[in-house]
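> Would you be able to build a 3D model of this:
(4 chains)
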Protein chains: 2
Amino acid sequence: MDRFLSSATNRIDSKGRVSVPAHFRSVVQKRGYSELYALRCLDVPAMDVGGLDLLDRYEERIAQEDPFLQTADDMSFFIHGDGAFLKLDQDGRITVSDFIREHTGITSEVAFVGRGQFFQIWEPSRLAAHGAAVRARLLQLRQGTKPGERPE
Amino acid sequence: MDRFLSSATNRIDSKGRVSVPAHFRSVVQKRGYSELYALRCLDVPAMDVGGLDLLDRYEERIAQEDPFLQTADDMSFFIHGDGAFLKLDQDGRITVSDFIREHTGITSEVAFVGRGQFFQIWEPSRLAAHGAAVRARLLQLRQGTKPGERPE
DNA sequence: TTGCTTCCCGTTGACGCCCATAGTGCCCCA
DNA sequence: TGGGGCACTATGGGCGTCAACGGGAAGCAA
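Sure thing, here's the model as predicted:
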């Protein structure tokens, strides 16, 4: 398995460290990531974390934009400047910097959420709220398309 | 037979484990699932459980969406983040995590329900209530479509 | 020094592996 | 045809391993 799946919540210790779930660490290794890169999400208080290929995806998107327009410049600024490297220590822990705390609201616990090609880190209660909102939107989507039916 | 059929209810032991019905286990083996993946159902307090091919269909669906829109993000969040691995121990048991208990209301017993390509787990009394509601809807549907006819 | 990071080690609790037992259905053979 | 025994499932529990976690100590920079 080489996708980030499922979720887990771990505690931050007195030194500001938190264990990355073992399953995620093995995915990181299988994918051959030597470094982890964390990006502030635009519309939610979470960070996207993955290898440097996380950037490729955004860069492709930027390439589609007209380089004379402000949008391309904004996007470039966002992904290249608004990120941080996360160093895994040899016990598989990362240090939660103020940069991350500010954006996510994380204080004492970190929720890790698999997203397939990458994973996210959240403040647990905010994650719960976001999860509920997502489920509500998807439910509405389903009922809008096929009332009463469940997609198989 | 390689479909999940019928249903059964088993007890959770003091360590939080429950036996997967033997028939389901043989289906799991025939289908070659090395791991089971459980997904929270959107509209009912149950989990869909199957192999990782459960995700394939959803991922194909996501691929059709614009990856920079919210819908794609929601869908990915739901299938990748709102799931959990169920590891079968060598006696064919799984451990019921809090993640599952929260969504299903399961406490001491688990009802397994075959659904063909996958199966579901329920809290037994909620399953009974849901079953009754489903039958009522189907009955109403039939009477609505074919007035004057008697259901068999 | 002071503060911060990295390496290393010990503890603890959860989980997987293993074995044991009880209940049940099935088969075989007298 | 009925009884005994085999096979298998569900369930309980002991025990070892490993991940998460806490903290000491060394290295490094201001």
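> how far away is residue A:118 from residue A:33?
10 Å (CB to CB, to the nearest Å). (Glycine included, C-beta is placed from N, CA and C.)
> Please enumerate the shared neighbours of the two.
A:50, A:51 (CB atoms under 8 Å, 6 or more residues apart in numbering or on different chains).
> tell me how far the ends of stretch A:32-49 are from each other?
14 Å (CA to CA, to the nearest Å).
> do stretch A:30-47 as well
22 Å.
> Distance from the chain centre to stretch A:42-49, please.
Relative to its chain's centre, stretch A:42-49 lies at 6 Å (CA atoms, centre = their mean, to the nearest Å).
> Name the residues of it that are buried.
By neighbour count on 16 or more other CB atoms under 10 Å in any protein chain shown, the buried set for stretch A:42-49 is A:44, A:45, A:46, A:47, A:48, A:49.
> what about residue A:118 and residue A:33, which has more around it?
More crowded of residue A:118 and residue A:33, by other CB atoms under 10 Å in any protein chain shown: residue A:118, with 25 against 17.
> got the phi/psi numbers for that one?
phi -150, psi -170 (degrees, to the nearest 10).
> Quick check: it vs chain B, distance?
Residue A:118 sits at a distance of 10 Å from chain B (criterion: CB to the nearest CB, to the nearest Å).
> what's the pLDDT at that residue?
Per-residue pLDDT puts residue A:118 at 95.
> swap in the one 10 residues further on?
Per-residue confidence for residue A:128 comes out at a pLDDT of 96.
> does it count as helix, strand or coil?
Secondary structure state of residue A:128, per DSSP: H, G, I helix; E, B strand; the rest coil, is helix.
> check the buried residues of stretch A:42-49 against chain B, which are close?
Among the buried residues of stretch A:42-49, not one lies near chain B by CB under 8 Å from any CB of the partner chain.
> Please consider this matter closed, and thank you.
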